[in-house]
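Participant: Sequence and predicted model, in that order:
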2 protein chains.
Amino acid sequence: MVPLGILGGGQLARMTLQAASRLGIDVVIGERFPDSPAARLTDKSIVFQHGWEDSEALDALAGAAKVITLESEFVDWRVLESLERRGVRVRPSPACVRVVQDKLLQKRALARAELPVPPFREIADPAALMDAGRELGWPLMLKARRDGYDGRGNIVVNSPNDAEAACKSLGWPERALFAEAFVDFERELASLAVRGTDGGIEQYPVVETRQDPRLHICREVVAPAELPDEVRTRAKDVARAAVEAVDGMGAFGVELFLVRDGQVVINELAPRPHNSAHYTIEACWTSQFENHARAVLGLPLGDTAMRAPAAAMVNVLGSGTEGITEGSVRDALEVRQAFVHLYGKLEVRPGRKMGHITALGATRQEALERATTAAERIRL
Amino acid sequence: MVPLGILGGGQLARMTLQAASRLGIDVVIGERFPDSPAARLTDKSIVFQHGWEDSEALDALAGAAKVITLESEFVDWRVLESLERRGVRVRPSPACVRVVQDKLLQKRALARAELPVPPFREIADPAALMDAGRELGWPLMLKARRDGYDGRGNIVVNSPNDAEAACKSLGWPERALFAEAFVDFERELASLAVRGTDGGIEQYPVVETRQDPRLHICREVVAPAELPDEVRTRAKDVARAAVEAVDGMGAFGVELFLVRDGQVVINELAPRPHNSAHYTIEACWTSQFENHARAVLGLPLGDTAMRAPAAAMVNVLGSGTEGITEGSVRDALEVRQAFVHLYGKLEVRPGRKMGHITALGATRQEALERATTAAERIRL
């Protein structure tokens, strides 16, 4: 079989590689530095020494794989186009990534498809932000259009007095911004949808994601989310339509806000496997990673149903800066029926996603308790 | 974490690597040729260009890993000793492998521990085989003491007239032989036991293994085996005692014959993960591969219980010699809830183990039907 190429060598690429390898599919990793978590799991990796535009590296990648996918939305769509000009297929398409990686274009595409998004405005300068506040009300959520993740690139702006400082803190005027009405949500939900080359979509259960309020990083996921049936259906329908609205292919994480009256609002799309669906590795018949690989390779999608009543995933975040040793995981491995994942990152940093734990249970509570117990026993 | 070394780069090393990688453990593969299935999943592999005795390669492996394990019983124990002299731990130990890799020494160790084995005799020449036939009765099972697998290295001898031809067909006088009384078994069972560095043992359920009568290769495995409780207990106890009798460490496959009256007789030990326990990847809380890695690294062993009522595994054997393409697996991937594993072997050969399918079910029959359906849809 022809190898699959992945731009990026972090944990999402690593777990996609692990899933592809089970199907006998080799993976070529392209990353800007050597020894990335995913590159260490293949004898075929390419270092982009001069950044993503490195034309020698792009040549090498296009020579090694016929289909190339991504693990993040941060590679510029023009790079993806230049890959396609080298005779390979990039999935999702450069046109799709162009829209998704610019959150303002993404919001416009979703709004055009009449999907529920918060009211938003392009913000050219602090004056525009003040205008937006008058129209949409304070506080506002100010966001960088590109390259934000895990809460970086976002800031809550409480009043017109903070407008200029807020714009500057996000990198304006070098960096383009937009603003959204602040959504006072009850809970955060997510739905992972996988779209095949034939346009067919398989969707995983709607889950509840809980963020660390201080770090703005996903802390835990509970699957399935506890929801009235009509809300669950609405969330699924919105997620599916969102992926169609941007002409997605492969795995797409759709982050949703559950607001009053059971309405859902789209927060963001991620054109790739997503932290909120790591639990699918053990809890579903086919993991998001395997289905992502199947989808971009044009293979039939697998069953997304859960094979346990409930599951929970807890992220393992770095606390200190010591390296990982056997001693870091020993105690966690003593928790029966908890699945320990470490990503092989060579450097521990406070708040960095180093791994995750998944547990299953007869109830959400049981699963979450087990996963939390194991996660707390990891010493990083 | 310090990398784990594995001697051998086939599917067992590959699946051990996949499991170790989930725990964030890097794996160094040592194999006699490049591009092996396991070596393709790591950026750290060492080619033993001059066979297993290649001292440069042994130096390199000992420099790259602190603990080294094996995926087969075919590396001479003296090589393992020479690795330990280089300052690493080999697990299972060279002394254990010395006994297990010579099936005559293995049988003697089991008999000394008063475990049920067929009566056996060392066979120095055809005359000794004729004597053995008089004592133990015909037919006899004549075996090479070393390097046999999947029925190769074994032959049934029906009468004294066949003695000389049989010895020669197995490579005598260059190759050392022994003979066992022919066991007229009802079924073949297997039990996978994992022994940690502290001597603690975790055991997987006793399974039924079914061989292809023509190819003498494991064709399918059904878990758990349908057995009266006392037989199941006896089989488990025998398997556990067998691993202790040879002072094993890590995963050990124990192949058993179920004979009349519910008695079990040990066929053979394999000092490594075993085909009969591939089903554990999806059907148990901790796979044999993860538990093997945990055991040899001195980490706590995981839960070996099944997380489904029944499971079945069907091997995917090569039929032609065409390469594998997406088209080879497309139809199999359409079977819902069947787990497809391909080993990434670059060359297809008739009868070669190319992959396997695992399916779960409410009943053994349901699991086996699903796995068989998917396996039959793979075109190799």
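Facilitator: It's in.
Participant: wait, A:Pro205 sits on A:Ala308?
Facilitator: No. A:Pro205 is not in contact with A:Ala308 according to CB atoms under 8 Å; the separation is 11.1 Å. To be clear about C-beta, it is placed using only N, CA and C from the backbone, and glycine gets the same treatment.
Participant: These two - which one has more neighbours?
Facilitator: Neighbour totals were compared for A:Pro205 and A:Ala308, and A:Pro205 leads with 23 against 16 (other CB atoms under 10 Å in any protein chain shown).
Participant: Quick check: closest non-adjacent residue to that one.
Facilitator: On the basis of CB to CB, 6 or more residues apart in numbering or on different chains, the spatially nearest residue to A:Pro205 that is not a chain neighbour turns out to be A:Pro224, at 4.0 Å.
Participant: Provide the backbone phi and psi angles at the one you found.
Facilitator: Dihedral angles of A:Pro224 (phi, psi; degrees, to the nearest 10) stand at phi -80, psi 160.
Participant: State the distance from it to chain B.
Facilitator: The span separating A:Pro224 from chain B equals 18 Å under the rule CB to the nearest CB, to the nearest Å.
Participant: how much space is there between that residue and B:Val265?
Facilitator: A:Pro224 sits 49 Å away from B:Val265, taking CB to CB, to the nearest Å as the criterion.
Participant: Provide a list of residues in contact with the closest residue to chain B within the stretch 1-150 of chain A.
Facilitator: Across the stretch 1-150 of chain A, no residue is closer to chain B than A:Gly24, which sits at 2.8 Å (CB to the nearest CB). Residues near A:Gly24 by CB atoms under 8 Å, 6 or more residues apart in numbering or on different chains: A:Met1, B:Ile324, B:Val329, B:His341, B:Leu342, B:Tyr343, B:Gly344, B:Gly355.
Participant: Pretty sure the residue nearest to A:Pro205 sits against A:Val206.
Facilitator: Yes. Judged on CB under 8 Å, A:Pro224 makes contact with A:Val206 at a distance of 6.2 Å.
Participant: Among the two, which residue is more densely surrounded?
Facilitator: Neighbours per residue, other CB under 10 Å: of A:Pro224 and A:Val206, the larger number sits with A:Val206, 26 against 17.
Participant: right, and that one touches A:Ala190 too?
Facilitator: Yes. Between A:Val206 and A:Ala190 there is a contact at 7.3 Å, judged by CB under 8 Å.
Participant: what's the overlap in contacts for those two?
Facilitator: Common contacts of A:Val206 and A:Ala190, defined by CB under 8 Å, 6+ apart, comprise A:Leu256.
Participant: where's the closest residue to A:Glu230 other than its chain neighbours relative to A:Pro228, distance?
Facilitator: Take A:Glu230 and drop its neighbours on the chain: the residue closest to it by CB to CB, 6+ apart is A:Gly262, 6.9 Å away. Using CB to CB, we find A:Gly262 at a distance of 6 Å from A:Pro228.
Participant: As CSV, the contacts of A:Gly24 with secondary structure would be great.
Facilitator: As requested, the contacts of A:Gly24 are arranged in CSV below (DSSP: H, G, I helix; E, B strand; the rest coil):
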residue, secondary structure
A:Met1, coil
B:Ile324, coil
B:Val329, helix
B:His341, strand
B:Leu342, strand
B:Tyr343, coil
B:Gly344, coil
B:Gly355, strand
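Participant: Report the buried residues of the helix-or-strand element of chain A with minimal mean pLDDT.
Facilitator: Ranked by mean pLDDT, DSSP states H and E, the weakest helix or strand in chain A is helix A:326-333, scoring a mean of 93. Neighbour-count burial for helix A:326-333 flags A:Ser328, A:Val329, A:Arg330, A:Ala332, A:Leu333 (criterion: 16 or more other CB atoms under 10 Å in any protein chain shown).
Participant: The third one reaches B:Leu297, doesn't it?
Facilitator: No. When contacts are counted by CB under 8 Å, A:Arg330 is not listed as touching B:Leu297 (9.8 Å).
Participant: How many residues are close by A:Arg187?
Facilitator: The tally of other residues near A:Arg187 (other CB under 10 Å) stands at 14.
Participant: residues touching it, list them.
Facilitator: By CB under 8 Å, 6+ apart, the contact list for A:Arg187 reads A:Glu208, A:Ala225, A:Phe257, A:Leu258.
Participant: Need the overlap of contacts for A:Pro224 and A:Val206.
Facilitator: A:Arg232.
Participant: can you pull out the strands in the stretch 101-250 of chain A?
Facilitator: Secondary structure of the stretch 101-250 of chain A, counting by DSSP state E, counting those that start in this stretch: strands at A:120-123, A:140-144, A:154-157, A:177-181, A:187-195, A:201-203, A:207-212, A:217-223, A:250-259.
Participant: now those as CSV including mean pLDDT and distance to B:Pro173?
Facilitator: As requested, these are exported to CSV (pLDDT from 0 to 100; distance: least, CB to CB, whole Å):
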stretch, mean pLDDT, distance to B:Pro173
strand A:120-123, 98, 85
strand A:140-144, 96, 78
strand A:154-157, 95, 78
strand A:177-181, 97, 84
strand A:187-195, 98, 61
strand A:201-203, 98, 62
strand A:207-212, 95, 67
strand A:217-223, 95, 64
strand A:250-259, 98, 61
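Participant: The spatially most central residue of chain A and chain B, how far apart?
Facilitator: Using CA atoms, centre = their mean, the residue of chain A that lies closest to the mean C-alpha position is A:His274, 3.5 Å off. Applying CB to the nearest CB, the value for A:His274 to chain B is 19 Å.
Participant: That residue reaches A:Leu192, doesn't it?
Facilitator: Yes. The pair A:His274 / A:Leu192 is scored as a contact, 5.7 Å apart, by CB under 8 Å.
Participant: okay, and the common contacts of these two?
Facilitator: With CB under 8 Å, 6+ apart applied, the overlap between the contact sets of A:His274 and A:Leu192 consists of A:Ala251, A:Phe252, A:Gly253, A:Gln288.
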